[in-house]
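Colleague: the sequence isn't on hand, but the structure is:
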């Protein structure tokens, strides 16, 4: 048995270790054990998990789930590629907190990884943490079997259930996890922007839930929004300015579904002219929202770099460039609106982030959308669009530009 300690992000990013081993197809069985499993991390692992499954690897997932970080859609994706999932519903009175990744090879080395960070995008990419790597040679099968036995013993209680498609629907309907697109009730655009009457409140469209759901097929569909006539909607892209989008009625043999798209018309994203970014939140803390590092260089004009920035050195000796600026913060879930005249835009080697004490007063979570609006040079508006609100569906459809090296998409106007 050999034990090593890997330093992230100095020596390695855990995502590279996981994807390399999963995609290799060298392991007969893999366990992903995470008491805190975020959609953002599972989304990053999805392609390599799919490859592993196709190569014959048996994938066992043991997750702690909750309504803030776990969605029906992501769990359904994992079920559809053959993952076996056992789950524990995390609540204040009872939480599952273990983290372990096990790779079993019957004829060569097997591995156990115990990371110090959570199964989140930051936790497996660039958050500072120590990852313990334990290697078992084929001659140490007995020791390795003890690890597996200990794991099985720990999750054999009634606190853990096997996840099925029917159970998944039940969890979404009871609110134990997020429903996301497949069950979220979506008012028509006409109701959202032209005003709905009390009688119209319950006239909504949802995806069909009868029978088995092919998630791969579902991903290639657009949200169902029924439009009676061709119309134009206006959506604000900054304060006082509006962008028009035409919605056309599409013919259909059945009246059950009419498919529409609401997306920007530009094929190429010109960062020099952009004044609004729409970005799904996937890496944040109470007072800071991080923007994917792969698009940092494109944001220099948007944030007035380098003229509006100054260099600072952190307590740990790391250099960062900071702009002290005025940002209006708004949350559409509770209509909180506050201004921070000393908010920070931070550039580091790895990330761009928006930091403010005001953020700790605004409720937001994984998967919410950030609308970052440039009002004028040195002044911004930061709007948090909650995934629990109707407006979320509109702005989610603007996220059509792929981020390099990621499955994430952003929108821009």
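Modeller: Here it is on my side, so go on. Source: prediction; values computed, not measured. Numbers count the residues shown, from 1 in each chain.
Colleague: where do the helices sit along the stretch 51-200 of the chain?
Modeller: 72-80, 141-154, 165-174, 189-194 (DSSP state H, counting those that start in this stretch).
Colleague: residue 287: which of those helices is closest?
Modeller: helix 72-80 (26.9 Å; C-beta to C-beta). Just so you know, the C-beta spots here come from the backbone N, C-alpha and C atoms, and that holds for glycine as well.
Colleague: what mean pLDDT does the closest one get?
Modeller: Helix 72-80 carries an average pLDDT of 90.
Colleague: what packs against it?
Modeller: Counting contacts by 3 or more C-beta pairs under 8 Å, 6 or more residues apart in numbering; DSSP states H and E, helix 72-80 packs against helix 39-54, strand 84-89, helix 165-174, helix 215-219.
Colleague: so which of the ones you listed gets nearest residue 380?
Modeller: helix 39-54 (23.9 Å).
Colleague: give me the distance from the closest one to the chain's centre.
Modeller: 13 Å (C-alpha atoms, centre = their mean, to the nearest Å).
Colleague: quick one, what contacts residue 306?
Modeller: 300, 321 (C-beta atoms under 8 Å, 6 or more residues apart in numbering).
Colleague: three-state assignment of it?
Modeller: Using DSSP: H, G, I helix; E, B strand; the rest coil, the structure places residue 306 in coil.
Colleague: same check, this time on residue 17
Modeller: helix.
Colleague: show me what contacts the residue nearest to residue 45 when sequence neighbours are not counted?
Modeller: In this structure, residue 45 finds its nearest non-sequential neighbour in residue 18, 6.2 Å apart by C-beta to C-beta, 6 or more residues apart in numbering. Contact analysis of residue 18 by C-beta under 8 Å, 6+ apart lists 45, 48, 101, 113, 124.
Colleague: closest to residue 11 out of the helices and strands packed on helix 72-80?
Modeller: Smallest distance to residue 11 across the helices and strands packed on helix 72-80 (C-beta to C-beta): 19.3 Å, for helix 39-54.
Colleague: residue contacts, residue 9?
Modeller: 125-128, 350.
Colleague: what's the answer for residue 353, then?
Modeller: Here residue 353 is in contact with 288-291, 345-346 (criterion: C-beta under 8 Å, 6+ apart).
Colleague: which of the residues you listed has the weakest pLDDT?
Modeller: The member of the contacts of residue 353 with the lowest pLDDT is residue 291, at 81.
Colleague: grab the nearest non-local neighbour of it.
Modeller: Per C-beta to C-beta, 6+ apart, closest to residue 291 is residue 352, 4.4 Å.
Colleague: quick check: the one you found vs residue 346, distance?
Modeller: Going from residue 352 to residue 346 by C-beta to C-beta, to the nearest Å gives 7 Å.
Colleague: okay, the two: which has more neighbours?
Modeller: Ranked by neighbour count (other C-beta atoms under 10 Å), residue 352 and residue 346 place residue 352 first, with 23 against 18.
Colleague: just send the contacts of residue 353 back as TSV, with secondary structure and distance to residue 91 too.
Modeller: As requested, the contacts of residue 353 are exported to TSV (DSSP: H, G, I helix; E, B strand; the rest coil; distance: C-beta to C-beta, whole Å):
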residue	secondary structure	distance to residue 91
288	strand	27
289	strand	27
290	strand	28
291	strand	32
345	strand	37
346	strand	35
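Colleague: and those, which of them are buried?
Modeller: The neighbour count (16 or more other C-beta atoms under 10 Å) marks 288-291, 345-346 as buried among the contacts of residue 353.
Colleague: could you give the number of residues near the nearest residue in space to residue 85 that is not next to it in sequence?
Modeller: Nearest non-adjacent residue to residue 85, counting by C-beta to C-beta, 6+ apart: residue 163, 4.0 Å away. Neighbour count for residue 163, taken as other C-beta under 10 Å: 21.
Colleague: and residue 49, by the same measure?
Modeller: For residue 49, the number of neighbouring residues by other C-beta under 10 Å comes to 24.
Colleague: rewinding a little: pretty sure the residue nearest to residue 85 contacts residue 86?
Modeller: Yes: in this structure, residue 163 is within contact of residue 86 by C-beta atoms under 8 Å, at 6.9 Å.
Colleague: take the contacts of residue 9 and keep only those in strands.
Modeller: Residues of the contacts of residue 9 located in strands (DSSP state E): none.
Colleague: rebuild these as CSV, extending it with neighbour count.
Modeller: Converted to CSV, the contacts of residue 9 look like this (neighbours: other C-beta atoms under 10 Å):
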residue, neighbour count
125, 21
126, 20
127, 18
128, 12
350, 12
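Colleague: alright, that wraps it up for me.
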